[in-house]
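Engineer: sequence-free structure coming up:
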C-alpha cells in the first residue's frame, strides 16, 4: 500500500529535549533517539517515501509538557511547541499533520490552547503523554476538573491520543529489581490501559458521548481484557454506567498499530472492535517504518479493510482535508 497515513509519529525540538525520558536507555541510544526525533524533514521523509507512507501525524515525544512541574512554563512550552509544529507542517505540504500539546496543569489554559491549535493552527487533535505531574503525584483525566476540557474536545470534534508515560514513582514497587519491565516493554501498556479504564468506569463517556480517544499499540491490551472485566463488574457489584464496558471501547476509542506489528493480535482486535476503529501507525523513531510497512502491506486482511486502516479512518477522524482521495 503506497499511500498510508501513520498516526503516532514523534518529534522533539531542541528546547524540549529535557522531556525525553532517559529511563532504561543507554546514553548512546538516548542520543540516537534525540537525533531521529529532531530530524523531521530529512531522513524521516526519505523513509516515509521508501515505506509508502504519504503522511505522518506528528506528536511531541513522551513525557512532554505533562512532566513539567511549573504550570506557567508548561503553558508556555505547549504554545511554543504547537507554533513550531504548525510551521513544520506548512513547510511540507501534504506530508505532515499534527496533534497539539496542551498543559493540563491548568485545564482552562489547556482549553484555550486546544481551541487555538485546532481553529487557528489547523492541528488535528491533541496528544497527552499520560497523567499530568502534580506535586509528588499525578492527575488522571477522569477527575472532575477536566470535564470542561473533554467537553471542548467533543465540541471541536477532534480526538485525544492517550500516549503512555512511566508510572508514578509511588506506583512502581511491582517493578523493583526488574527495570526492563518498567517502560515500553510492559509498564507503559499497564499504565495507559488503566488510565483508559479510569475514563470508562468514571462515567466520562456518558457525560461526553461524542469524545474520542486513540490508544496505540493495538489498544494497550484492552480489546482482549474488557470482556472479562465487564462480566466481573456485573457479577460482583454491578455498575452505574449506562452501557456495557465493551461498548465504550467500540464507540469512544480508536486503536493504532504503533509498535505492535503482530498479525494474530491485529486479527483479534479486528474481531473485537472492527476495521472502522483501527488505524496504521509506526511509533517512529522508536520503531522502524520499513518493518511496520512491510508487515502491514502483507497482513492477510481484506483489501477494503487495509484501505480503511491504512488511511481512510485517519482521514475521517482527524479531518485531513488536504490529503488526496485514492
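Structural biologist: Structure received. Note that the structure is a prediction, hence the values are computed from the model and not measured.
Engineer: which stretches of the stretch 1-150 of the chain form helices?
Structural biologist: Along the stretch 1-150 of the chain, the segments classed as helices by DSSP state H, counting those that start in this stretch run 27-38, 43-51, 71-91, 107-119, 147-156.
Engineer: the strands in the protein, which residues?
Structural biologist: Taking DSSP state E as the test, the strands found in the chain are 4-11, 53-60, 96-98, 126-129, 132-134, 137-139, 160-163, 213-215, 253-256, 278-279.
Engineer: where does the protein have low pLDDT?
Structural biologist: Counting by pLDDT under 70, the ranges of the chain that qualify are 22-24, 322-326.
Engineer: thought residue 140 was touching residue 197?
Structural biologist: No: under the criterion of C-beta atoms under 8 Å, residue 140 is not in contact with residue 197, lying 10.4 Å apart. Backbone N, C-alpha and C define where each C-beta goes, glycine included.
Engineer: centroid residue for the protein?
Structural biologist: The residue at the geometric middle of the chain, judged as the C-alpha nearest the mean C-alpha position with C-alpha atoms, centre = their mean, is residue 161 (3.4 Å).
Engineer: what residues are up against residue 205?
Structural biologist: 199, 211, 248, 251, 252 (C-beta atoms under 8 Å, 6 or more residues apart in numbering).
Engineer: one more time with 6 Å, if that's ok
Structural biologist: For residue 205, the contact set (C-beta atoms under 6 Å, 6 or more residues apart in numbering) comprises 248, 252.
Engineer: again with residue 64
Structural biologist: Counting by C-beta under 6 Å, 6+ apart, residue 64 touches 19, 129.
Engineer: ok, and the closest non-adjacent residue to residue 168?
Structural biologist: Distances taken as C-beta to C-beta, 6 or more residues apart in numbering put residue 138 closest to residue 168, at 5.2 Å, once the chain neighbours are dropped.
Engineer: hang on, the one you found packs against residue 170?
Structural biologist: No: using C-beta atoms under 6 Å as the test, residue 138 is too far from residue 170 to be in contact (9.2 Å).
Engineer: just so I know, which of the strands of the chain lies nearest residue 289?
Structural biologist: Each of the strands of the chain has some distance to residue 289 by C-beta to C-beta; the shortest is strand 53-60, at 6.3 Å.
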